[in-house]
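1. Sharing a sequence plus its predicted fold:
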Amino acid sequence: MTNITVLGAGAWGTAFGQVLADAGNDVTMWAIEPDIVADINENRRNSARLPIVDQLPERMHATGDRAEAVRDAEIVVVAIAAQFARVALEEFRGLIPSDAVVVSLMKGIERSTDKRMDEVVTEALELPLERFAAVSGPNLSKEVAQRQPAAAVAASVSREVAEKVAAAATNAYFKMFVSSDVVGVEMCGSLKNVTALAVGMARGAGYGENTAAMIQTRGLRELTVLGSALGAQKETFFGMAGVGDLITTCGSPLSRNYTFGANLGKGMSVEEATAASNGVAEGVPTVSAVVALGEKYGVPTPLASAMQHVLEDGISCAQMLSELFADGDVDE
Ligand SMILES: NC(=O)C1=CN([C@@H]2O[C@H](COP(=O)(O)OP(=O)(O)OC[C@H]3O[C@@H](n4cnc5c(N)ncnc54)[C@H](OP(=O)(O)O)[C@@H]3O)[C@@H](O)[C@H]2O)C=CC1
Ligand SMILES: O=C(CO)COP(=O)(O)O
């Protein structure tokens, strides 16, 4: 049994908290909103963010007090919307025990700095990279919350830390693999959201399997080429965080990114799709960060560029697809 604190009681933070509690750990949820804290403690529910769960495990409780939340934590899990992670985590600097491991569940790139979440978390908390792990995989929160079998990967430069996180998060229905490729896992989690926006848009516009498969394949290529340029290992792209999450996110209306794209494809504006979104669609702010990273590393990012034109200039799905067609002839 491990004392684990989850920062952020959103849909995934709460579903992952349940995974951890089901694995036999004592789980403290930290939430900024008093109503969510009270709902978890008094009703064993998070009706605002994860209404599908009727009764959260007894081993989960919540607090809004930062120091109390992390005081006894052996593992601290961060599940905050990526664009707000830095500002939220800076408040925890100096509060987290010096031997605790910090895990990021977040899938996004910080827009103002073009930094991955491993960089944001370690900078904001002044944490050595050896105490950090990135967790990612095909994990739609509603399915995990229903205890459907699923898997993810924990990546850390320290094998001991990756194994500690994997052991703490593995239970009868959830399996956590390990990896040493933090950059690869981070890039997969962030870029698959951009692809899901585009696939969702094509679906919303009425296109079928061929179009979806084409976008998904080009998206996989883009994340592989850009990730490799940043130092990721190629094998990671074919694992849980890569192909696994791409299949899930690009194939399900349970994905906020897919749904956001689908709403654009049906004719909604970005503002309307944002208002309709049930939780954060990380791909939206991540698009421009991916384009910027591509420019920085000299790697073309045609899919992210086309989606940037969708989000910023309002081009149609047909125009987005013709931009993809215009990008090169090589399929290797
Ligand atoms: N949902 C899913 O299926 C999965 C999500 N992820 C990733 O996990 C991360 C969180 O996703 P998810 O929980 O689903 O998102 P939600 O939109 O459900 O929740 C976002 C969380 O971020 C918190 N938050 C936002 N701004 C701040 C802030 N300034 N200070 C403190 N907390 C803040 C929210 O708090 P509040 O509730 O008070 O607004 C909430 O707890 C994302 O990066 C996502 O990509 C990864 C795998 C699966
Ligand atoms: O990351 C996810 C599935 O693995 C969740 O996707 P969304 O953030 O698009 O809902």
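-> Alright, I've got the coordinates. Numbers count the residues shown, from 1 in each chain. Ligands and ions are numbered 1, 2, ... in the order given.
2. how many neighbours does the single nearest residue of the stretch 1-150 of the chain relative to ligand 1 have?
-> Per CB to the nearest ligand atom, residue 10 is where the stretch 1-150 of the chain lies closest to ligand 1, at 2.0 Å. No exception for glycine: its C-beta is placed from N, CA and C like everyone else's. Residue 10 is flanked by 22 other residues according to other CB atoms under 10 Å.
3. Is the nearest residue to it once chain neighbours are set aside in a helix, a strand, or coil?
-> In space, and not counting its chain neighbours, residue 10 is closest to residue 49: 5.0 Å by CB to CB, 6 or more residues apart in numbering. At residue 49, secondary structure determined by DSSP: H, G, I helix; E, B strand; the rest coil is coil.
4. Helix or strand for the nearest residue to residue 79 once chain neighbours are set aside, just tell me which one.
-> Take residue 79 and drop its neighbours on the chain: the residue closest to it by CB to CB, 6+ apart is residue 13, 3.2 Å away. Using DSSP states H and E, residue 13 falls within helix 11-22.
5. Can you list the residue ranges for strands in the stretch 101-250 of the chain?
-> 101-104, 109-110, 115-116, 132-136, 150-155, 174-179 (DSSP state E, counting those that start in this stretch).
6. Of those strands, which is nearest ligand 2?
-> That would be strand 132-136 among the strands of the stretch 101-250 of the chain, by CB to the nearest ligand atom, at 7.6 Å.
7. In contact with residue 57: list those residues for me.
-> The contact partners of residue 57, by CB atoms under 8 Å, 6 or more residues apart in numbering, come to 18, 21, 22, 27.
8. Please repeat the previous calculation with a cut-off of 6 Å.
-> 18, 21 (CB atoms under 6 Å, 6 or more residues apart in numbering).
9. That one: what secondary structure?
-> For residue 57, the secondary structure call by three-state DSSP comes out as coil.
10. Check the gap between it and residue 171 for me.
-> Distance of residue 57 to residue 171, given as CB to CB, to the nearest Å: 11 Å.
11. can you pull the contacts of residue 269?
-> By CB under 6 Å, 6+ apart, residue 269 lies in contact with nothing.
12. 8 Å instead, please
-> Contacts of residue 269 by CB under 8 Å, 6+ apart are residue 314.
13. Can you report how many residues lie near the residue nearest to residue 10?
-> For residue 49, the neighbour count with other CB under 10 Å is 23.
14. Then the one 10 residues further on?
-> A count of nearby residues for residue 59, using other CB under 10 Å, gives 18.
15. Could you list the contact residues of this structure toward ligand 1?
-> Contact residues (CB under 6 Å from any ligand atom) of the chain with ligand 1: 8-13, 31-33, 36, 49, 79-82, 84, 87-88, 105-108, 139-141, 279-280, 282.
16. and these, which are buried?
-> 8-13, 31, 36, 49, 79-82, 88, 105-108, 139-141, 280, 282 (16 or more other CB atoms under 10 Å).
17. ok, and for stretch 272-289, which residues are buried?
-> 273, 280, 281, 282, 283, 284, 285, 286, 287, 288, 289.
18. List the residues that contact the fourth one.
-> Yep, that's residue 282 we're talking about. Contacts of residue 282 by CB under 8 Å, 6+ apart are 81, 82, 106, 107, 108, 190, 193, 256, 257.
19. Can you tell me which residues in the chain are near ligand 2?
-> Within reach of ligand 2 by CB under 6 Å from any ligand atom, the chain has these residues: 107, 138-140, 193, 196, 245, 248-249, 255-257, 282.
20. Just the ones in helices from those residues, please.
-> Counting by DSSP state H, these place 193, 196, 245, 248, 249, 256, 257 in helices.
21. Is it possible to get CSV of these that adds pLDDT?
-> Output for those, formatted as CSV (pLDDT from 0 to 100):
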residue, pLDDT
193, 98
196, 98
245, 98
248, 98
249, 98
256, 98
257, 98
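22. Kind regards, and thank you for your time.
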